[in-house]
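Trainee: Sequence plus the predicted model coming up.
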Amino acid sequence: MDVRHERFVRSALDTEETAEMARVDALADALGAHLEAQAEQIDLVHIHRARSSAVQSIVAALLREHLGFSEEVVLTPQDGLVTQARPDFVYSLGPGRGIIAEVERGGTTANNHDLKDLWKTHIASDAQHLFLIVPNANWNEAGTAREHPYHRVLSRLGTFFGNPRREIDVVSLHVFGYGREA
């Protein structure tokens with residue numbers, strides 16, 4: 001039962017973004033505490049061949065019912081882009097400002113869901129922050145870890161923060177790791 005949390009923030013923030021980060025960080029702290037409190041329940045449903053919706057329903061209890069996130073809302077269409085992006089959860093911080101929250105499981109890195117979620121946040125005109133909830137490990141039939149998505153996500157997505165040349169239009173990324181690691 002090892003809940004992990006890593007935070008990435010763009011290298012330069014304006015005054016409004018700095019103030020906004022206090023709200024985003026408070027929501028992230030609440031999510032981290034909820035994941036920690038539900039760690040045993042998450043471990044019971046995060047097993048080989050389980051449905052990803054099992055973990056998502058545990059996370060949804062906090063995001064939707066306690067923090068005020070909306071579930072599966074179609075994002076505002078982008079000029080020139082044909083997309084019907086519908087993240088797992090969305091939170092409005094104000095007009096044109098918000099957080100996308102995505103719960104991933106088996107395809108986190110194998111199917112590049114982490115990169116797709118970051119891209120979705122990047123092109124969304126009404127979201128500047130991403131909460132990405134991923135497994136610390138995914139299991140095979142023998143019960144051993146076949147991959148460790150959390151660490152891989154940190155190295156892949158962390159490269160888009162901290163250096164102005166590589167940064168994209170996402171203010172912050174909070175990556176949460178759930179489930180046992182070994």
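Mentor: Yep, it's here.
Trainee: Centre-most residue in this structure?
Mentor: residue 132 (1.1 Å; Cα atoms, centre = their mean).
Trainee: And that one, its phi and psi?
Mentor: Dihedral pair for residue 132: phi -110, psi 120, per degrees, to the nearest 10.
Trainee: wouldn't it be in contact with residue 177 here?
Mentor: No. With contact defined as Cβ atoms under 8 Å, residue 132 and residue 177 do not form a contacting pair (9.7 Å). Just so you know, the C-beta spots here come from the backbone N, C-alpha and C atoms, and that holds for glycine as well.
Trainee: before we move on, back to that, if the residue nearest to the centre of the chain is in a bridge, with which residues?
Mentor: Taking DSSP bridges as the rule, residue 132 bridges to residue 102, residue 175.
Trainee: For the longest helix along the chain, which helices and strands make contact with it?
Mentor: Assignment by DSSP state H gives helix 15-37 as the longest helix of the chain. The criterion is 3 or more Cβ pairs under 8 Å, 6 or more residues apart in numbering; DSSP states H and E, and the helices and strands that helix 15-37 contacts are strand 4-9, helix 52-65, strand 89-94, strand 97-103, strand 129-135, strand 172-178.
Trainee: which of the ones you listed is buried the deepest?
Mentor: Comparing these by mean neighbour count (mean count of other Cβ atoms under 10 Å), strand 129-135 comes out on top with a mean of 27.
Trainee: Kindly calculate the angle that that one makes with strand 97-103.
Mentor: Orientation note: strand 129-135 sits at an angle of 10 degrees relative to strand 97-103 (axes from the mean of the first three to the mean of the last three Cα atoms, to 10 degrees).
Trainee: Partner strands of the next helix-or-strand element following strand 129-135, with direction?
Mentor: Remark: after strand 129-135, the chain's next helix or strand is strand 138-139, criterion DSSP states H and E. Next to strand 138-139 in the sheet, as set by DSSP bridges, lie strand 145-147 (antiparallel).
Trainee: Now the partner strand: buried residues?
Mentor: Neighbour-count burial for strand 145-147 flags residue 147 (criterion: 16 or more other Cβ atoms under 10 Å).
Trainee: show me where pLDDT drops low in this protein?
Mentor: For the chain, the stretches with pLDDT under 70 are 1, 74-84.
Trainee: what separates the residue of it positioned farthest from its centre from residue 110, distance-wise?
Mentor: Distance from the centre of the chain peaks at residue 142, with 28.2 Å (Cα atoms, centre = their mean). For residue 142, the distance to residue 110 equals 18 Å [Cβ to Cβ, to the nearest Å].
Trainee: Just the CA trace of stretch 58-75, in PDB.
Mentor: Extracted in PDB, the C-alpha atoms of stretch 58-75 (Å, rounded to 0.1, in the frame of the first residue of the first chain):
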ATOM      1  CA  ILE A  58     -12.900   4.400  -5.700                       C
ATOM      2  CA  VAL A  59     -11.200   7.600  -6.900                       C
ATOM      3  CA  ALA A  60     -14.500   9.000  -8.200                       C
ATOM      4  CA  ALA A  61     -16.000   8.900  -4.700                       C
ATOM      5  CA  LEU A  62     -13.600  11.700  -3.600                       C
ATOM      6  CA  LEU A  63     -13.300  13.600  -6.900                       C
ATOM      7  CA  ARG A  64     -17.000  13.800  -7.700                       C
ATOM      8  CA  GLU A  65     -18.700  13.700  -4.300                       C
ATOM      9  CA  HIS A  66     -16.200  15.600  -2.100                       C
ATOM     10  CA  LEU A  67     -14.100  17.800  -4.300                       C
ATOM     11  CA  GLY A  68     -16.700  18.800  -6.900                       C
ATOM     12  CA  PHE A  69     -15.200  17.300 -10.100                       C
ATOM     13  CA  SER A  70     -17.600  16.600 -12.900                       C
ATOM     14  CA  GLU A  71     -17.300  13.200 -14.600                       C
ATOM     15  CA  GLU A  72     -16.800  12.600 -18.400                       C
ATOM     16  CA  VAL A  73     -17.500  16.100 -19.600                       C
ATOM     17  CA  VAL A  74     -16.700  16.800 -23.300                       C
ATOM     18  CA  LEU A  75     -14.100  19.500 -23.400                       C
END
